[in-house]
Structure formats: structure tokens, C-alpha cells
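Colleague: Sequence and predicted structure are below.
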Amino acid sequence: GIQVEQSPPDLILQEGANSTLRCNFSDSVNNLQWFHQNPWGQLINLFYIPSGTKQNGRLSATTVATERYSLLYISSSQTTDSGVYFCAGKNTGTASKLTFGTGTRLQVTL
Amino acid sequence: NAGVTQTPKFQVLKTGQSMTLQCAQDMNHEYMSWYRQDPGMGLRLIHYSVGAGITDQGEVPNGYNVSRSTTEDFPLRLLSAAPSQTSVYFCASSRTYRGMNTEAFFGQGTRLTVV
């Protein structure tokens, strides 16, 4: 299966700052998602983005499938953005396995 | 539209006990799967199902059984719980489009402690 690497592993921001989270894949993917795990443990779908760019409020994501990476941008961060951000991907060779990275732990302080 | 519903949310078991984690989805999704999440790690696939009557193993299947008698339900059974199965368990479902999975949706998780 594919390997998923996320960076940075930890990030501390002051409220209002911007950040970029990165996800690299060892092989091509045809299914890529970003999730936010909040402090209560819930996995919140942020983006389903196999390729291209999407935006949702202060968050946006870009996937460059040919170069096997995806970026998550958080602008004007708020304390409610704190938590762990996961990316997960599935390549063309496996029908059902969504492989997760180990996450980026984000803490937004006042 | 409830999405993916898991029960219970919390459970404490003694070593050797058995139990079933329930998962139900109301989106008519073909694919369902179970993951476990251990501290500091991402989610790892336990078992998955591509439709009613069809199941297969993921990367960490030992100690777990599944069945899929209906499209809606995908229970996970622990036959003889061990402390190594202490974890948070997530169920997920996704639609099939042209033979491939699309966006996955997750339940709220079950926090299991085996003592």
C-alpha cells in the first residue's frame, strides 16, 4: 500500500496567523481527503480533493496528483482550529483501503 | 439524515470478554469499514466490506470479526478482548462511483478500554 507523510508533526500558532500543512504520498492516489479531529475526538470532513483546488471559508486545499502531494491552507487561524489534521489517500491499486498519515497537531493560542 | 452512527460511545471490558461494536449508516453507501486509532497514530484499517454479504481483511484484522448482512449495518465483534485492543474505533462508509470509493464519512467513534 501507499505511504503517507504529513508535515509538520506539530504546529503552534497565534490566533490570526496563517499556516500550510503538507501531505506527501509514495504513489499516485485517486482519492484524497483532509480531516480535522477536534479535541473531542470527532473526525470532521474538510475536503475531498483528488486533484485541483477547493476553498471553504478560511480553509483551502490543493492537490497536485502528478507530484503526489496535497496542501491544506488555514488562514486567520482561530482557537477552534486546534486539533489534529489528517490527510488520507487511496491509490488505484486498492479498492477500499484509505491510508492515513500520522497527522499534524495544531494548537492555536490567544 | 444521521450519517454514520456508532454505539456505544464508551466501553470498558475485562480481558477475555466478548462484545460487538455497532455501526449503521443511512446513506445507502456500498462500502463500509472499521478503523482503529491508537495514541499518536493515524487510523489503521481493520476490516472492510464492499457490499452486503462481502467482507475482507484490512491491515490489522487479528482478534476481530465482521459480517455484513444488510447495506446499512456493519458490526465489529471482539471474540476475546485483550488489553492490546484498547483503542478508539471508527466506522466509515462511502459511496461507489464507477467501481471506486468516493468521499468517506466517519462515525463519532467508540472508545474501548480492556482491563
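Modeller: Yep, it's here. Residues are numbered from 1 along each chain as shown, chains lettered A, B, ... in the order given.
Colleague: show me what contacts the residue in chain A that chain B sits nearest to?
Modeller: Proximity of chain A to chain B (Cβ to the nearest Cβ) peaks at residue A:100, 3.2 Å away. (Glycine included, C-beta is placed from N, CA and C.) Residues near residue A:100 by Cβ atoms under 8 Å, 6 or more residues apart in numbering or on different chains: A:4, A:86-88, B:35, B:42-44.
Colleague: Kindly indicate which of these lies nearest residue A:28.
Modeller: Top of the list for closeness to residue A:28, among the contacts of residue A:100 and by Cβ to Cβ, is residue A:4 at 12.7 Å.
Colleague: In contact with the closest one, which residues?
Modeller: By Cβ under 8 Å, 6+ apart, the contact set of residue A:4 is A:23-26, A:87-89, A:99-101, B:42.
Colleague: Filter these down to the buried ones.
Modeller: Buried positions within those, assessed by neighbour count (16 or more other Cβ atoms under 10 Å in any protein chain shown), are A:23-25, A:87-89, A:99-101, B:42.
Colleague: Show me where the chain dips below the pLDDT cut-off.
Modeller: As the question left the chain open, I've gone with chain A. A:92-96 (pLDDT under 70).
Colleague: nope, chain B
Modeller: B:1.
Colleague: at 90 instead, please
Modeller: Counting by pLDDT under 90, chain B shows low-confidence ranges at B:1-2, B:39-42, B:50, B:95-102.
Colleague: Go through it and flag its longest strand.
Modeller: Using DSSP state E to define each element, chain B has its longest strand at strand B:87-97.
Colleague: List the contacts of it.
Modeller: Here strand B:87-97 has contacts from A:41, A:43, A:98, B:4, B:6, B:21, B:23, B:25, B:27-38, B:43, B:46, B:50, B:74, B:76, B:101-107, B:109-112, using Cβ under 8 Å, 6+ apart.
Colleague: So which other helices or strands are in contact with the following helix or strand past that strand?
Modeller: Note on strand B:87-97: by DSSP states H and E, the next helix or strand toward the C-terminus is strand B:100-106. With contacts defined as 3 or more Cβ pairs under 8 Å, 6 or more residues apart in numbering or on different chains; DSSP states H and E, the packing partners of strand B:100-106 are strand A:31-37, strand A:43-48, strand B:31-37, strand B:87-97.
Colleague: In TSV, list these along with distance to residue A:71 and mean neighbour count.
Modeller: Converted to TSV, the helices and strands packed on strand B:100-106 look like this (distance: least, Cβ to Cβ, whole Å; neighbours: other Cβ atoms under 10 Å in any protein chain shown):
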stretch	distance to residue A:71	mean neighbour count
strand A:31-37	10	23
strand A:43-48	11	18
strand B:31-37	24	25
strand B:87-97	23	21
